[in-house]
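> task: produce atomic coordinates for the following.
(chains A and B)
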Protein chains: 2
Amino acid sequence: MRYYEDIEVGATEEFGEYHVTKSEIVEFAERYDPQPFHTDEETAAESAFGELVASGWHTAAISMRLLVENYLRENAGMGGRGVDELRWRRPVTPGDTLSVRTEVVDKRRSESDPRRGYVDNDIEVRNQDDEIVLSYTVTGMIERRNPGSSE
Amino acid sequence: MRYYEDIEVGATEEFGEYHVTKSEIVEFAERYDPQPFHTDEETAAESAFGELVASGWHTAAISMRLLVENYLRENAGMGGRGVDELRWRRPVTPGDTLSVRTEVVDKRRSESDPRRGYVDNDIEVRNQDDEIVLSYTVTGMIERRNPGSSE
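Below you'll find the predicted structure:
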């Protein structure tokens, strides 16, 4: 298990291979983002996108799946606090394969709770052509191995 | 249809009533955020949360559903560009009922594309006790009724 003290600022990891299907794009969008360019191929073809595209929240959810499976599972995580500078840079379309790159950019102890710390990760989600489709900075909470120490 | 020119900075709206069930929390989390405090009641009871809680990305997706159904449908929208200062302020748990408050905080014409403008909305998601569970600022793209005008 990886605790706050084990996190190194500057550490990077790359992982994941998530294949995005048309049916999953439509299924997610019908439930959570029923805009026509996410749910209907014909309407999408006439939209500014020119084709069916995944909901941006769907792409974010897929990045979380890849993070949990490949990265967060080793952490003594206590949930997320928030996200900054989330940018949908390119559309995600049926047939895309997504992967994730993480970089630890900051960490600090909680001032109010000696049992936890905060870790900021820059996240980039790329498609099979190595184009960034989504990027954001996420702040997660993580347990300290030695609560109250000065480390 | 509401175009860029129709958007008024300062305008607010409140809407929505989304009932969050245990089965939906678990279903979303098993697919996109399989951390034990989102998928398993017993493990969640022993976690820092003390009970099953919704994935933060699930809460964000629910807010999008409420926005599309009650707000964005009238807009000549062209998709989202990004999100800033997203904060998960309180856990969402089974049985919660969520609603949304929006406020237009800024708008500006695209410098590169005369057909579109950008609109920033502050979003607050509240539970049945009027507590804010999630907040963020989202930047959306919207068509201009009169491309190239100075309005």
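> which SS class is the residue nearest the centre of chain A?
When Cα atoms, centre = their mean is applied to chain A, the residue found nearest the centroid is A:Ser63 (3.6 Å). Under DSSP: H, G, I helix; E, B strand; the rest coil, A:Ser63 falls in the helix class.
> how about the nearest residue to it, chain neighbours excluded?
Distances taken as Cβ to Cβ, 6 or more residues apart in numbering or on different chains place A:Val125 nearest to A:Ser63, at 4.8 Å, with adjacent residues excluded. All C-beta spots, glycine's among them, are computed from the backbone N, C-alpha and C.
> regarding the one you found, which helix or strand does it belong to?
strand A:116-126 (DSSP states H and E).
> what's the offset of the helix or strand harbouring A:Glu69 from the middle of its chain?
In this assignment (DSSP H and E), A:Glu69 forms part of helix A:56-70. Averaging C-alpha positions (Cα atoms, centre = their mean, to the nearest Å) puts helix A:56-70 5 Å from its chain's average.
> do the same with stretch A:18-31
Worked out by Cα atoms, centre = their mean, stretch A:18-31 lies 17 Å from the chain centre.
> just stretch A:15-29 next, same as before
14 Å.
> which residues are in contact with it?
Identification of contacts with stretch A:15-29 by Cβ atoms under 8 Å, 6 or more residues apart in numbering or on different chains yields A:35, A:38-39, A:41, A:52-55, A:57-58, A:61-62, A:65-66, A:69-71, A:92-100, B:61.
> give me the mean pLDDT for it.
Here stretch A:15-29 scores 98 as its mean pLDDT.
> any idea how far apart the tips of it sit?
One end of stretch A:15-29 to the other measures 25 Å (Cα to Cα, to the nearest Å).
> buried sites along it?
Of all the residues in stretch A:15-29, those buried under the rule 16 or more other Cβ atoms under 10 Å in any protein chain shown are A:Gly16, A:Tyr18, A:Val20, A:Glu24, A:Ile25, A:Val26, A:Phe28, A:Ala29.
> which non-adjacent residue is nearest A:Leu52?
Nearest non-adjacent residue to A:Leu52, counting by Cβ to Cβ, 6+ apart: A:Ala44, 4.3 Å away.
> touching, that neighbour and A:Gln35? I think so.
No: with contacts counted by Cβ atoms under 8 Å, A:Ala44 stays clear of A:Gln35, the gap being 9.4 Å.
> how about the strands in chain A?
Ranges of strands within chain A are A:12-19, A:77-88, A:97-109, A:116-126, A:132-143, based on DSSP state E.
> contacting residues around the residue nearest to A:Ser63?
Taking Cβ under 8 Å, 6+ apart, we find A:Val125 in contact with A:Thr59, A:Ile62, A:Ser63, A:Leu98, A:Ser99, A:Val100, A:Ile132, A:Val133, A:Leu134, A:Ser135.
> that older thread, could you measure from the residue nearest to A:Leu52 over to B:Thr12?
31 Å (Cβ to Cβ, to the nearest Å).
> with A:Glu17 instead?
With Cβ to Cβ as the criterion, A:Glu17 and B:Thr12 are 43 Å apart.
> ok, now A:Glu74?
43 Å.
> repeat for A:Val20
36 Å.
> can you list contacts of stretch A:112-123?
A:4, A:7, A:63, A:67, A:78, A:81, A:100-110, A:134-144, A:147-148.
> flag the shaky bits of chain A, pLDDT-wise.
Applying pLDDT under 70 to chain A picks out residues A:151.
> how far does the strand holding A:Val125 sit from the chain's center?
Per Cα atoms, centre = their mean, the centroid offset for strand A:116-126 relative to its chain is 9 Å.
> just the buried residues of the contacts of stretch A:112-123.
Buried, going by 16+ other Cβ under 10 Å: A:4, A:7, A:63, A:67, A:78, A:81, A:100-104, A:107, A:109-110, A:134-144, out of those.
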